[in-house]
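Student: missing the sequence, but the structure's below:
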DNA sequence: ACCTGAACACCGTTCAAGT
DNA sequence: ACCTGAACACCGTTCAAGT
């Protein structure tokens, strides 16, 4: 029984106390491995060899833990040095880095897309982007709009790319949907059926795989190029 | 007691059976009024005067109900006639219509942004967009990329706009964050502090209100204009 | 076909108590 | 300061039973 106790606490060799960062790190690993739905305070506590209520002391509440975990995804992005690149190329690089970071933790994309309003850890990122846009010549309301256009596009677009179907739908629904799509009436859906070969499983609303398994690389590149092109035109 | 029974069942005067559409409609209203987190099978059942397990017969499972409910948000969008507008103006109009629809049901934006992979009810929408892009001159892979650029931008950007903080953070955090933002060090954050007046509560990652209360209208217009401008340039 | 009613295996969170 | 341990008020879902 004493043995039982020490085994349960075998999380650390010398049992130094938990930190908030420890919990967030463990949550990130847990979500990466088991998915966001599987993250419960009880499951994470068991994984860490601790009682569920111990987590509350460090992270406050589950919603706050999830928010901190999703913020971590973007904190790890290292922005390129700003001085050796034109502003539009710098933006393009940053967009790709952000997308890569999100693809590394796809299970947290829903949270980034829908709960990321504000976090102090993002200020260095904001500083860099605003600085680059200012040097490019944007100012006043147009500076804010360009910033919002860029940030909203990257985070939002990749969130959509990484979206997935709810887990509980029965196995084999992909084949069912593919069959349904191919059976679409050419009279009511002429453009769709005409282009089905290039649309199926490659376009939003007509794909069955998520961007996790089936990334939309060249669509992202095309969208990014178009947006930056348009921003440059608006600047001039 | 007999009276009790009839009162509990007073949902309909003559007690005609529930339909799947009834449940989805009720769920949409419930989420609009009480929020997505408040939607539980038990609460919705109580609202409908029925036992929780009755809902399962119609909608399968909670995840499927939520998916059907979020799809409903976009099903109500009526696309403008395609024949009297140039393709780029048509796209701009459609983007605004979709944004308006999402703003009407902001509590479902998280689901639209993160779970909308595929739904047969979207095929008429896909048909119209593909048709317009084809007539504009896009074809092959570029048709798919342009479609994805547009759809991913609109749905993703507005999802970001409508994102909100987790509910449980304590009252008054907005003021705390505003103070923290205004206390940012001008030496480490020169561009940020220089433009704080126009950034605060108006830009992604530096706002505390959601797009529900504080819509980013002109940022959306600027982003949309830039994207469509860029798509037009890429076409030529 | 459609719904009731009971039951199961979970949740997040609070709170008093220990060290 | 940091964690245990019990307890509360919920969840989604399954399944047998009714009509």
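Tutor: Cool, the structure landed. Bear in mind that the values here come from a model prediction, so they are computed numbers and not experimental data.
Student: buried set for stretch A:16-32?
Tutor: A:18, A:22, A:23, A:24, A:26, A:27, A:28, A:30, A:31, A:32 (16 or more other Cβ atoms under 10 Å in any protein chain shown). The way it works is simple: take the backbone N, C-alpha and C, and place the C-beta from them, glycine included.
Student: so how far is residue A:106 from the fifth one?
Tutor: If I follow you right, that is residue A:26. Separation of residue A:26 from residue A:106 (Cβ to Cβ, to the nearest Å): 19 Å.
Student: likewise residue A:31?
Tutor: From residue A:31 to residue A:106 the distance is 10 Å (Cβ to Cβ).
Student: hmm, residue A:201 is touching residue A:211, no?
Tutor: No. Between residue A:201 and residue A:211 there is no contact, the gap being 11.2 Å when judged by Cβ atoms under 8 Å.
Student: thinking again about what came up before, what two of the buried residues of stretch A:16-32 are the furthest from one another?
Tutor: The span of these, defined through Cβ to Cβ, is set by A:18 and A:32 at 19.8 Å.
Student: per-residue pLDDT, the nearest residue to residue A:189 once chain neighbours are set aside?
Tutor: Nearest in space to residue A:189, with sequence neighbours left out and distances taken as Cβ to Cβ, 6 or more residues apart in numbering or on different chains, is residue B:127 at 4.7 Å. Residue B:127 is assigned a pLDDT of 97 by the prediction.
Student: confirm residue B:127 sits in a strand?
Tutor: No. With DSSP: H, G, I helix; E, B strand; the rest coil as the criterion, residue B:127 is helix rather than part of a strand.
Student: what about stretch A:62-70, near DNA strand D?
Tutor: No. Judged by Cβ under 7 Å from any atom of the strand, stretch A:62-70 and DNA strand D are separated, with a smallest distance of 13.0 Å.
Student: which element is residue A:147 on?
Tutor: According to DSSP states H and E, residue A:147 maps onto helix A:141-161.
Student: my bad, residue A:82
Tutor: Residue A:82 is part of no helix or strand, with elements assigned from DSSP H and E.
Student: surely it touches residue A:132?
Tutor: Yes. Counting by Cβ under 8 Å, residue A:132 is a contact partner of residue A:82 at 5.6 Å.
Student: filter the buried residues of stretch A:16-32 down to the ones in helices?
Tutor: Using DSSP state H, the members of the buried residues of stretch A:16-32 that fall in helices are A:22, A:23, A:24, A:26, A:27, A:28, A:30, A:31, A:32.
Student: which among those residues are in contact with DNA strand C?
Tutor: Of those, not one also sits near DNA strand C (Cβ under 7 Å from any atom of the strand).
Student: and the residues you listed, which is closest to residue A:165?
Tutor: residue A:31 (18.0 Å).
Student: what residues are up against the nearest residue to that closest one once chain neighbours are set aside?
Tutor: Distances taken as Cβ to Cβ, 6+ apart place residue A:107 nearest to residue A:31, at 4.9 Å, with adjacent residues excluded. Residue A:107 makes contact with A:31, A:32, A:35, A:36, according to Cβ atoms under 8 Å, 6 or more residues apart in numbering or on different chains.
Student: how near is residue A:107 to residue B:31?
Tutor: 23 Å.
Student: center of chain A, which residue is that?
Tutor: Central residue of chain A (Cα atoms, centre = their mean): residue A:109, 3.0 Å from the mean position.
Student: so where does that residue fall, helix or strand?
Tutor: Judged by DSSP H and E, residue A:109 forms part of helix A:109-115.
Student: which other helices and strands does that helix contact?
Tutor: helix A:62-75, helix A:141-161, helix B:109-115, helix B:141-161 (3 or more Cβ pairs under 8 Å, 6 or more residues apart in numbering or on different chains; DSSP states H and E).
Student: list the buried residues of that helix.
Tutor: Within helix A:109-115, the residues that count as buried by 16+ other Cβ under 10 Å are A:109, A:110, A:111, A:112, A:113, A:114, A:115.
Student: now the terminal residues of stretch A:130-142, how far apart.
Tutor: 11 Å (Cα to Cα, to the nearest Å).
Student: before we move on, what about stretch A:36-54?
Tutor: End to end - Cα to Cα - stretch A:36-54 spans 20 Å.
Student: burial of the closest residue to chain B within chain A, as a residue count?
Tutor: Taking Cβ to the nearest Cβ, chain B has its nearest neighbour within chain A at residue A:156, 2.7 Å off. Residue A:156 has 27 neighbouring residues, counting by other Cβ atoms under 10 Å in any protein chain shown.
Student: what do you get for residue A:119?
Tutor: 18.
Student: follow-up on the earlier one: what about residue A:201 and residue A:211, which has more around it?
Tutor: When neighbours are counted by other Cβ under 10 Å, residue A:211 comes out ahead of the other of residue A:201 and residue A:211, with 27 against 14.
Student: outline the domain layout of chain A.
Tutor: A:2-72, A:81-166+A:207-235 (automatic domain parsing).
Student: as CSV, those domains with distance to residue B:141 would be great.
Tutor: Putting the domains of chain A into CSV (distance: least, Cβ to Cβ, whole Å) gives the following:
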stretch, distance to residue B:141
domain A:2-72, 32
domain A:81-166+A:207-235, 7
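Student: quick revisit: got JSON lines for the buried residues of helix A:109-115, with pLDDT and distance to DNA strand C too?
Tutor: Formatted as JSON lines, those follow (pLDDT from 0 to 100; distance: Cβ to the nearest atom of the strand, whole Å):
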{"residue": "A:109", "pLDDT": "97", "distance to DNA strand C": "19"}
{"residue": "A:110", "pLDDT": "97", "distance to DNA strand C": "16"}
{"residue": "A:111", "pLDDT": "97", "distance to DNA strand C": "14"}
{"residue": "A:112", "pLDDT": "96", "distance to DNA strand C": "19"}
{"residue": "A:113", "pLDDT": "91", "distance to DNA strand C": "20"}
{"residue": "A:114", "pLDDT": "91", "distance to DNA strand C": "17"}
{"residue": "A:115", "pLDDT": "89", "distance to DNA strand C": "14"}
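Student: show me the two of those that sit farthest apart.
Tutor: Most distant of these, by Cβ to Cβ, are A:109 and A:115, 11.1 Å apart.
Student: so the closest residue to residue A:109 other than its chain neighbours versus residue A:65, what's the distance?
Tutor: The shortest distance from residue A:109 to any non-neighbouring residue, by Cβ to Cβ, 6+ apart, is to residue A:162 (4.0 Å). Applying Cβ to Cβ, the value for residue A:162 to residue A:65 is 21 Å.
Student: if I look at residue A:76, how far off is residue A:121?
Tutor: 11 Å.
Student: now swap in residue A:158 and tell me
Tutor: Counting by Cβ to Cβ, the gap from residue A:158 to residue A:121 is 19 Å.
Student: around DNA strand C, pick out the residues from chain A.
Tutor: Checking chain A against DNA strand C by Cβ under 7 Å from any atom of the strand, the hits are A:39, A:40, A:41, A:42, A:43, A:52, A:53, A:56, A:61, A:62, A:63.
Student: ok so, going back, go through the buried residues of stretch A:16-32 and say which is closest to DNA strand D.
Tutor: DNA strand D lies nearest to residue A:18 out of these, by Cβ to the nearest atom of the strand, at 3.8 Å.
Student: so that closest one sits right up against residue A:49, yeah?
Tutor: No. With contact defined as Cβ under 8 Å, residue A:18 does not reach residue A:49; the gap is 9.9 Å.
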